[in-house]
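Novice: curious how this folds, go ahead:
(4 chains)
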Protein chains: 2
Amino acid sequence: MNLRYAPPAGRSWNVLVAECPSRTSLARIANKWTAMVITVLENGPMRFGDIRSALEGISAKVLTDTLRDLERDGMLTREVYGEIPPRVEYELTPLGRTLIEPLAVLCRWAEQHIPEVLAARDAYDDR
Amino acid sequence: MNLRYAPPAGRSWNVLVAECPSRTSLARIANKWTAMVITVLENGPMRFGDIRSALEGISAKVLTDTLRDLERDGMLTREVYGEIPPRVEYELTPLGRTLIEPLAVLCRWAEQHIPEVLAARDAYDDR
DNA sequence: CTGTATCCAGAAGGATACTG
DNA sequence: CAGTATCCTTCTGGATACAG
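Specialist: Model (predicted):
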């Protein structure tokens, strides 16, 4: 496993290799905002404001940045409707949809294991 | 547990609620270093130096911080052996082991979908 | 309504030197 | 070997104001 980064000539992309682009990709998907955005979009297209309301507490700037990054990496599409007031809808691509289940699992893990995590934290801080 | 937020009776914790502690927990596990550390520890205890070698490019400081946070949240244990030179081993707890599969899936996703992501990125940048 | 443009504080993370 | 300590740079993300 101590191989130097060699792809794309070969086939073995590897997040453990510092220069491998898969590590950048991992950083993008292993991210709390990404997990929440993808999860929230699973049921179909949503408007900017509705996403922002769903992800309670996110700023407009951060949501804009997150959505743009996800669009750039092909995980969602952005459609602007020429209406007044403006309407913009975001929708997962097939590629983005393959992330729904993995990221939903993470969100559920965080929710389901809160008692254990908080207990462990208290125990650690008490010593 | 001294919480500023508790889910309403009969309901579950929810990462979409800003003050819910599950969001902090999500931030910790939805993180590239966490994903790599957990994945690398799946086969059993490992020494600090071996983990650092496996996660090519991580600094001692960042690895120390990451391991301490994971220990604090009950996902791994840290055992110090009174030897010269020192030996310290990190091992996943049962709680930590429940993260192996979800996080390994993320790492595999990042590796397997690199061609699509890079293609999408090029297409986006070209317009 | 859906952003952009700034500015700024704090967190994350790297480099280097050093210790038990 | 397994860290600490320190310093420094970069990135993240919040606040505010404003535009189309």
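Novice: any idea how far the residue nearest the centre of chain A is from A:V40?
Specialist: Taking Cα atoms, centre = their mean, the centroid of chain A lies closest to A:T34, which sits 1.9 Å from it. According to Cβ to Cβ, to the nearest Å, A:T34 and A:V40 sit 11 Å apart. Bear in mind the C-beta positions are built from the backbone N, C-alpha and C, glycine included.
Novice: now do A:Y124
Specialist: Separation of A:Y124 from A:V40 (Cβ to Cβ) stands at 32 Å.
Novice: neighbour count winner among those two?
Specialist: Between A:Y124 and A:V40, counting by other Cβ atoms under 10 Å in any protein chain shown, A:V40 is the more crowded of the two (17 against 14).
Novice: pretty sure that one contacts A:A54?
Specialist: Yes. With contact defined as Cβ atoms under 8 Å, A:V40 reaches A:A54; the gap is 4.7 Å.
Novice: which neighbours do the two have in common?
Specialist: Common neighbours of A:V40 and A:A54, counting by Cβ atoms under 8 Å, 6 or more residues apart in numbering or on different chains, are A:M46, B:L16.
Novice: would you mind listing what in chain A touches DNA strand C?
Specialist: By Cβ under 7 Å from any atom of the strand, the residues of chain A that approach DNA strand C are A:47-50, A:60-61, A:64, A:67-68, A:78, A:80, A:85-88.
Novice: tell me the least confident of those residues?
Specialist: Within the set of the residues of chain A next to DNA strand C, pLDDT is lowest for A:P85 (90).
Novice: residue boundaries of the strands in chain A?
Specialist: A:46-47, A:76-81, A:87-92 (DSSP state E).
Novice: is any part of the first one close to DNA strand D?
Specialist: No. Strand A:46-47 does not reach DNA strand D (Cβ under 7 Å from any atom of the strand); its nearest approach is 12.5 Å.
Novice: try stretch A:110-127
Specialist: No. On the criterion Cβ under 7 Å from any atom of the strand, stretch A:110-127 is out of touch with DNA strand D, staying 13.5 Å away.
Novice: just checking that stretch against chain B, any contact.
Specialist: Yes. Judged by Cβ under 8 Å from any Cβ of the partner chain, stretch A:110-127 comes into contact with chain B at A:110-114, A:116-125.
Novice: tell me which residues of that stretch are tucked away?
Specialist: For stretch A:110-127, a neighbour-count test (16 or more other Cβ atoms under 10 Å in any protein chain shown) marks A:A110, A:E111, A:H113, A:I114, A:E116, A:V117, A:L118, A:A120, A:R121 as buried.
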